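Undergrad: Give me coordinates for this.
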Amino acid sequence: MKILILNGPNLNMLGKREPDIYGKDTLEDINKRLQKYASPKGIELTFVQSNHEGVLIDTLQNCQQWADGVVLNPGGFTHTSVALRDAISSITVPVVEVHLSNVYARESFRHTSLISAVCRGKISGFGARSYLLGIQSFED
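TA: Presented below is the predicted three-dimensional model:
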């Protein structure tokens, strides 16, 4: 099984940005733990992070050639990007939306996701474990 772990804007700042909300782990720390989990199970992970909407869209479109699933943390694009939503709905690879924080316990604008309706599911509020749960959702 091949899974794309796709991260949107500002997630490269994990560990530095609002650690009381997002935790002290860096994105590299999270990716290493995910790799440690996936490798013995024969799951191949590819990690991509970008602060640019077009790069995320291109990555989603291109992953159709090789991925069995996508674990996507769209960051702030969750609430603003119709283009990202359209990219997800245009591919056949299933996408699971993940968030480190419980978006429903935060500002009201974070309660609305433009992409949830075109995703296989949504996992929110479990910190770095949200990614692991996203991967596990494809193991069934």
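
Undergrad: Quick check: residue 9 touching residue 78?
TA: No - Residue 9 lies out of contact with residue 78 (CB atoms under 8 Å); the separation is 10.1 Å. Quick note: C-beta positions are derived from backbone N, CA and C, even for glycine.

Undergrad: quick one, which of these two is more surrounded?
TA: Shown here are residue 9 and residue 78; by other CB atoms under 10 Å, residue 78 has more neighbours (23 against 18).

Undergrad: hang on, isn't that one packed against residue 97?
TA: Yes - the criterion here is CB under 8 Å, and residue 78 meets it with residue 97 at 7.3 Å.

Undergrad: For residue 89, give me its contacts.
TA: Residues near residue 89 by CB atoms under 8 Å, 6 or more residues apart in numbering: residue 118.

Undergrad: Give me the pLDDT for it.
TA: Note for residue 89: predicted pLDDT of 97.

Undergrad: Extract the CA atoms of the helix or strand hosting it and return them as CSV.
TA: Under the criterion of DSSP states H and E, residue 89 resides in helix 82-90. Taking Å, rounded to 0.1, in the frame of the first residue of the first chain, the C-alpha atoms of helix 82-90 are listed here in CSV:
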residue,chain,number,x,y,z
VAL,A,82,-12.6,25.7,-3.4
ALA,A,83,-9.7,24.9,-5.8
LEU,A,84,-8.3,22.3,-3.3
ARG,A,85,-11.8,20.9,-2.8
ASP,A,86,-12.3,20.6,-6.6
ALA,A,87,-8.9,18.8,-6.9
ILE,A,88,-9.9,16.2,-4.3
SER,A,89,-13.3,15.6,-6.0
SER,A,90,-11.6,15.2,-9.4
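
Undergrad: Nice, that's everything, thank you.
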